[in-house]
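Q: got a sequence here, can you model it:
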Amino acid sequence: MAVTRFAAINIGSYELMLKIYELTSRKKVKVLNNVRYVMELGRETYTEQKISFETMEKMCDVLEGFTKIFEEYQIHDYEAYATSGIREAENAEIILDRIKVRTGLNVKIISNSEQRLLAYKALTMYPEEFEAFSKGNTAIVDVGAGSIQISILDKKNIASTQNIKIGSMRIRELLLNLSENMGHFDILLDELINNDLQTFKRMFIKDKAIDNIIATGEQITLFTKNKDTGEFNRLMTTEDFMGRYKMLGSKSHAEIAKELQVTREQATILIPCARIYGRFIEVVGSKKLWVPGTDICDGIAMDYGIRKKKISGKHDFNEDILNEVRGISKRYKGNSLHIQFIKNIAVRIFDETKRMHGLSGRERLLLELAAMLHDCGKYISIHDAAECSYHIIMATEIIGLSHREREMLAEIVKYNTVKIPVGMNLTVIKLTAILRVANALDRSHKQKMSDCRLELKGRELMIHTKTKEDITLEKGLFVDKAEFFEEVYGIKPVIKQKKFIH
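A: Model prediction:
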């Protein structure tokens, strides 16, 4: 039986984590070892905006220990990611270099949207539970040390997601010294987060009933531990959850630590974390809760296994990204028929000219997203739509995209209609050239050439159509888009309309 061993490292805001996995030919994922070391990087980052050299060295000591475990398990493949504890530090690049020099580990800082997609992918480690809980209207609530992510599932795909920059550690640092007791702490916490939760409900949930909550995050699993059996209650009613919170909320941090067999420091993080979940339950009125106990390392392993085809991935995560962007387009009143036409034409041009551009499926996805958002800025200003579109995209988190990918997406959309500056990224130029041609084919927004057929013939891209519609406007405004496309690809797009005898 073919077996692959893989290691995932997460340098989080609250702890450093290493997990060793075994991936078998039977498409199974098994955890062989799980090492966690509490180190509150976020405490320095969130208050001082950087991590001290002393903390850096201590972190490298722990990571060096992780590499020794690599040797024990004969690990050759690994991925190491850092989240907001390092991402938001002013000296992030220095930290990564120090880790590389001291330990030999290559650590990648991931954006919040990449981090949340990994947390989402981790859920597929339990396909039956994930299938059951994603059937109804479901909210995935991920409370981390630095922020809260709330994602709404619609027909098993993410329909919308929002990040609220208030996590359990940030809350502790902000409020703990202000509260006289746990009851007072609850009041302050509610005042801090209530407006954001109510705003999220008003904008993204509205009157929709949320049947289920999937609760992920670094601390919530500990909250569900049964002190008598040591087991974790993965499935519970929200009523049971709230009862447990009220019971623990009446205790001191020392008592909570003893009850859950955690450190006092963990207890100070756990209570604000649980209260956030509890407040969300109160806001949306859900009845069932699933606490899968997964973490970002599980998501890293699932992502690795699916990419390397070592495990089967039934869920289409690209469809989650597309589905979320459909929602964004709808929010900004995009013309759905026009968008669908442009998206279909754009990806067909991409596929037809693949050997010329040499781009991958990831860039194809960016092109689809650009087609769907190409006119979102008109919601704010028809006159300055390109600039408005750019700012809308840069201000909108799209789960699964890195910051650089979101920036590229915004640039493709912006330069669809305005001049591309000198020195622009070549991938952006290539995808913009395709989007411009696709957009020009429906300048009237009437989808006159919905029957068009593409044919690459020598150095011409023939766009055949049998439409009887008057396409004088499309042909007239197509010329400069075709010239730019030819400049980029060395291929000239040509519209060929079948002649009809009257």
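
Q: which parts of stretch 22-42 are buried?
A: By 16 or more other C-beta atoms under 10 Å, the buried positions in stretch 22-42 come out as 22, 23, 29, 36, 39, 40, 41, 42. Any C-beta I mention is one placed from the backbone N, CA and C, and that applies to glycine too.

Q: least trustworthy helix or strand in the chain by mean pLDDT?
A: Within the chain, no helix or strand scores below helix 168-175, which has a mean of 74 by mean pLDDT, DSSP states H and E.

Q: helices or strands next to the next helix or strand after that one in the packing?
A: Sequence order places helix 182-200 as the next helix or strand after helix 168-175, per DSSP states H and E. Applying 3 or more C-beta pairs under 8 Å, 6 or more residues apart in numbering; DSSP states H and E, one finds that helix 182-200 contacts strand 157-164, helix 168-175, helix 264-284.

Q: and of these, who's closest to residue 354?
A: Residue 354 sits nearest to strand 157-164 of all these, at 26.9 Å, using C-beta to C-beta.

Q: that older thread, among the helices and strands packed on helix 182-200, which gets the worst mean confidence?
A: For the helices and strands packed on helix 182-200, the weakest mean pLDDT is recorded on helix 168-175, namely a mean of 74.

Q: before we move on, the earlier item: so how far is the least confident helix or strand of the chain off the chain centroid?
A: In terms of C-alpha atoms, centre = their mean, to the nearest Å, the centre of helix 168-175 is found 24 Å from the chain centre.

Q: which regions of the stretch 401-502 of the chain sit below the pLDDT cut-off?
A: Residues of the stretch 401-502 of the chain that meet the criterion pLDDT under 70 lie in 499-502.

Q: of all the helices and strands packed on helix 182-200, which one comes closest to residue 359?
A: Ranking these by proximity to residue 359 (C-beta to C-beta) places strand 157-164 first, at 24.8 Å.

Q: how about that closest one as CSV, C-alpha atoms only?
A: The C-alpha trace of strand 157-164 is given here as CSV (Å, rounded to 0.1, in the frame of the first residue of the first chain):
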residue,chain,number,x,y,z
ASN,A,157,-21.3,26.5,-1.6
ILE,A,158,-20.1,29.8,0.1
ALA,A,159,-22.5,32.6,-0.8
SER,A,160,-20.9,35.3,1.2
THR,A,161,-18.1,35.7,3.7
GLN,A,162,-17.0,38.6,5.9
ASN,A,163,-14.1,39.1,8.3
ILE,A,164,-14.5,41.1,11.5
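
Q: check which helices and strands it sits against.
A: helix 112-122, strand 148-154, helix 182-200, helix 317-331.

Q: residues contacting the helix or strand just after the first one, please?
A: With elements assigned by DSSP H and E, the helix or strand that comes after helix 112-122 is helix 127-133. With C-beta atoms under 8 Å, 6 or more residues apart in numbering as the contact definition, helix 127-133 has outside contacts at 123, 124, 212, 214, 234, 235, 288, 290, 292, 314, 315.

Q: do stretch 349-365 as well
A: 318, 321-322, 347, 367, 405, 427, 430-431, 434, 437-438, 454-456, 461, 489-491.

Q: stretch 257-272 too?
A: Here stretch 257-272 makes contact (C-beta under 8 Å, 6+ apart) with 14, 38, 40, 145, 168-169, 171-172, 175-176, 182, 185, 189, 219, 222-223, 225, 227, 248-249, 251, 253-254, 256.

Q: equivalent analysis for stretch 492-500, please.
A: Here stretch 492-500 makes contact (C-beta under 8 Å, 6+ apart) with 437, 441, 449, 459-468, 471, 474-475, 478, 481-482, 485-486.

Q: and the residues you listed, which are buried?
A: The neighbour-count criterion (16+ other C-beta under 10 Å) marks 437, 441, 449, 461-463, 465, 467, 471, 474, 478, 481-482, 485-486 among the contacts of stretch 492-500 as buried.

Q: just the ones of those in helices?
A: Mapping those onto helices (DSSP state H) picks out 437, 474, 478, 481, 482, 485, 486.

Q: does the residue most central in space within the chain count as helix, strand or coil?
A: Taking C-alpha atoms, centre = their mean as the criterion, residue 399 is the residue nearest the geometric centre of the chain, at 2.5 Å. Secondary structure assignment for residue 399 (DSSP: H, G, I helix; E, B strand; the rest coil): coil.

Q: that one contacts residue 115, correct?
A: No. In this structure, residue 399 is not within contact of residue 115 by C-beta atoms under 8 Å, at 9.5 Å.

Q: for ChimeraX, what selects the buried ones among the contacts of stretch 349-365?
A: With 16+ other C-beta under 10 Å as the criterion, this ChimeraX line picks the buried residues out of these:
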select :321,322,347,367,405,427,430,431,434,437,438,461,489,491
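
Q: sorry, back to before: can I get the helices and strands packed on strand 157-164 in JSON lines with mean pLDDT?
A: Shown next, in JSON lines, are the helices and strands packed on strand 157-164 (pLDDT from 0 to 100):
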{"stretch": "helix 112-122", "mean pLDDT": "90"}
{"stretch": "strand 148-154", "mean pLDDT": "88"}
{"stretch": "helix 182-200", "mean pLDDT": "79"}
{"stretch": "helix 317-331", "mean pLDDT": "91"}
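
Q: could I get those in a markdown table, plus columns for distance to residue 267?
A: A markdown table is the format used below for the helices and strands packed on strand 157-164 (distance: least, C-beta to C-beta, whole Å):
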| stretch | distance to residue 267 |
| --- | --- |
| helix 112-122 | 23 |
| strand 148-154 | 20 |
| helix 182-200 | 11 |
| helix 317-331 | 35 |
